[in-house]
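what follows is a protein structure lacking sequence information:
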């Protein structure tokens, strides 16, 4: 292995696995086999079987996640292209996400408490809907575990991307801005990736969803958790 | 393509610098808002960034694979409380989706009524 760069190996393997998972998903079209879910399951299984630790995988993983930063910035383009349509909807979007952020915190804390999760876990779950950098800061400020929060944020994002379109269709959400906003608010970047598949306006609204829900969750989580957990 | 990437990275850098001052938003989200503003003000032209943005956004989902693999680090902790975590995350994700989606759609459709009353009050 000394001649081969581990980063090159892991990036290539991730990419090939993802391409295969995507091709498989295109055929089967069954939400549970979302390409990210299949890819991460296969890679986790491989690391487990090979006794390889996460840090070694991340020598390549870091190369991939580096592009998350510029990709979030890139959401500024659809946002600009759809600015006129979105500006008109701003008060409605802010109001809906304000309520959704509060509901999102209460509806994760209360069931987790009732199901008997330890306090530290409950606190780590509270900011689960928002983008990782915000979620981590919020989690630490209320006594949660930052790395558990990071894991739960990813799980939430994948769940939202998988069930989001189905749930929204079931409750009769057809407006493209409402669709995107909900995907971004509930499932941050992963939901946004899914919303972009539906169209530019959906993607732009999802980018705003990440932003609005992130700010409101950062503001609302400490007082709400304080009220519920003391 | 390369020029567009340079613009995106520059805005990320500026966003990170602004975020470091403590605005409550991560640097990448600040960068996104600054890029929108720069496009609106004509400081950045759409043609400069279009191709780079399209390439990155078309493949956004793939970039979440490494953080997804990172979930393996917490199998122990998640495993011990998994029913609680699973129930809470599912309930809450559905709740956020429904409140945001249905709520905003209802407000869009009934906006005429609110604006009308606001204007009458004025």
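Done, it's in. This one's a predicted model, so the numbers in the text were calculated from it and none came from an experiment.

for residue A:72, give me its contacts.
Contact analysis of residue A:72 by Cβ atoms under 8 Å, 6 or more residues apart in numbering or on different chains lists A:131, A:189, A:207, A:210, B:28, B:29, B:31, B:32. (Glycine included, C-beta is placed from N, CA and C.)

now the buried members of those residues.
When neighbours are counted using 16 or more other Cβ atoms under 10 Å in any protein chain shown, the contacts of residue A:72 contain these buried positions: A:131, A:189, A:207, A:210, B:28, B:29, B:31, B:32.

just the residues you listed now: which is nearest residue A:57?
Nearest to residue A:57 among these: residue A:189, at 20.1 Å, using Cβ to Cβ.

which residues touch the closest one?
The neighbourhood of residue A:189, defined by Cβ under 8 Å, 6+ apart, consists of A:68, A:71, A:72, A:131, A:157, A:210, B:60, B:64.

most widely separated two among the buried ones among the contacts of residue A:72?
In these, two members sit farther apart than any others by Cβ to Cβ. They are A:189 and B:31, at 13.7 Å.

shaky segments in chain A?
Scanning chain A for pLDDT under 70 picks out A:1-2.

so what are the domain limits for it?
For chain A, the domain assignment from automatic domain parsing gives the residue ranges A:6-66, A:77-229.

please apply the same query to chain B.
For chain B, the structural domains run B:1-58, B:68-122, going by automatic domain parsing.

now flag whichever of the buried ones among the contacts of residue A:72 is closest to residue A:225.
Proximity of these to residue A:225 (Cβ to Cβ) peaks at residue A:131, which lies at 18.7 Å.

how about the helices in chain B?
Defined through DSSP state H, the helices belonging to chain B, from first to last, are B:2-20, B:27-40, B:46-58, B:65-69, B:75-80, B:82-109, B:111-121.

residue B:16 and residue B:29 touch, don't they?
No. Checked against Cβ atoms under 8 Å, the pair residue B:16 and residue B:29 is beyond contact range at 10.7 Å.

I'd guessed residue B:87 sits against residue A:113; true?
No. In terms of Cβ under 8 Å, residue B:87 does not count as a neighbour of residue A:113; the distance is 11.0 Å.

what's the nearest residue to the most centrally placed residue in chain B if we skip its chain neighbours?
Central residue of chain B (Cα atoms, centre = their mean): residue B:29, 6.9 Å from the mean position. Leaving aside its chain neighbours, residue B:29 sits nearest to residue A:211 (5.4 Å; criterion: Cβ to Cβ, 6 or more residues apart in numbering or on different chains).

host element of that neighbour?
Under the criterion DSSP states H and E, the helix or strand holding residue A:211 is helix A:200-229.

give me the angle between that helix and helix B:27-40.
For helix A:200-229 against helix B:27-40, the angle by axes from the mean of the first three to the mean of the last three Cα atoms, to 10 degrees is 140 degrees.

what is helix A:200-229 packed up against?
In terms of contacts (3 or more Cβ pairs under 8 Å, 6 or more residues apart in numbering or on different chains; DSSP states H and E), helix A:200-229 is packed against helix A:76-81, helix A:83-114, helix A:119-125, helix A:132-141, helix A:176-198, helix B:27-40, helix B:82-109.

give the buried residues for that helix.
Across helix A:200-229, burial judged by 16+ other Cβ under 10 Å covers A:200-218, A:220-221, A:224-225.

for stretch B:98-106, same thing?
Residues of stretch B:98-106 classed as buried under the neighbour-count rule (16+ other Cβ under 10 Å) are B:98, B:99, B:100, B:101, B:102, B:103, B:104, B:105.

ok, and which of those reach chain A?
Counting by Cβ under 8 Å from any Cβ of the partner chain, the subset of those that neighbours chain A consists of B:98, B:99, B:100, B:101, B:102, B:103, B:104, B:105.
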